[in-house]
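Student: predicted coordinates and the sequence they were generated for:
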Amino acid sequence: MATTQGALKGNCITFLQNIPNIVNSLPLKMADLCDTLKVIFIGARPPERLQLKRILTVRKKKIVEALCWLKKYNILYKNVDINLDNIAQLPEDDIPEPIMTTMEQILNDKEVPSERAGYIPDPLSNSTELNISNVIPINNR
């Protein structure tokens, strides 16, 4: 019996930003968020929402806690206002719908291998060759 496991693998690109010069309130409106965050899926078939939910879920309570912590402990966020109207638009525990609707999908088997190539070697690409020096035992009995 053949079995397969699904997995999502990706890259994240961030750019250094001068927070006080670009925002004076957080979180951003959903429309503005989609201008600053782009999700592009490349694969042989579209991802299921459940797969995406594991990596794109927004939890309103966690956003509020993180913003309060940043205001208290990070001088760059000291004067940033917490926008309660924008927080009200966030999902309780789900992917924001604008992220789903603006997500790009490239469904092309030929492009998949080149797009999955990363900057660091994939440790599972040669899974038949096990290098014991790289193995960390789970149980030390």
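Tutor: Structure received.
Student: use CA for all of it now, contacts and neighbours both
Tutor: Fine.
Student: longest helix anywhere in the protein?
Tutor: helix 60-73 (DSSP state H).
Student: then that one to PDB, C-alphas only?
Tutor: Taking Å, rounded to 0.1, in the frame of the first residue of the first chain, the C-alpha atoms of helix 60-73 are listed here in PDB:
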ATOM      1  CA  LYS A  60      -7.000  38.100  17.000                       C
ATOM      2  CA  LYS A  61      -6.100  37.700  20.700                       C
ATOM      3  CA  LYS A  62      -2.400  36.900  19.900                       C
ATOM      4  CA  ILE A  63      -2.200  40.000  17.700                       C
ATOM      5  CA  VAL A  64      -3.500  42.200  20.500                       C
ATOM      6  CA  GLU A  65      -1.000  40.600  23.000                       C
ATOM      7  CA  ALA A  66       1.900  41.000  20.600                       C
ATOM      8  CA  LEU A  67       1.100  44.700  19.900                       C
ATOM      9  CA  CYS A  68       0.800  45.500  23.600                       C
ATOM     10  CA  TRP A  69       4.100  43.800  24.200                       C
ATOM     11  CA  LEU A  70       5.800  45.700  21.400                       C
ATOM     12  CA  LYS A  71       4.500  49.000  22.700                       C
ATOM     13  CA  LYS A  72       5.700  48.300  26.200                       C
ATOM     14  CA  TYR A  73       9.100  46.800  25.400                       C
END
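Student: which parts of it are buried?
Tutor: By neighbour count on 16 or more other Cα atoms under 10 Å, the buried set for helix 60-73 is Lys60, Val64, Leu67, Cys68, Lys71.
Student: kindly report the same for stretch 77-94.
Tutor: Buried residues in stretch 77-94, counted by 16+ other Cα under 10 Å: Tyr77, Val80, Ile82, Ile87, Leu90, Asp94.
Student: export those to CSV and tack on secondary structure and distance to Asn24?
Tutor: Conversion of the buried residues of stretch 77-94 to CSV gives the following (DSSP: H, G, I helix; E, B strand; the rest coil; distance: Cα to Cα, whole Å):
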residue, secondary structure, distance to Asn24
Tyr77, helix, 9
Val80, coil, 5
Ile82, strand, 9
Ile87, helix, 15
Leu90, coil, 18
Asp94, strand, 26
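Student: of those residues, which is the nearest to Arg45?
Tutor: Each of these was scored against Arg45 by Cα to Cα, and Asp94 proved nearest at 21.9 Å.
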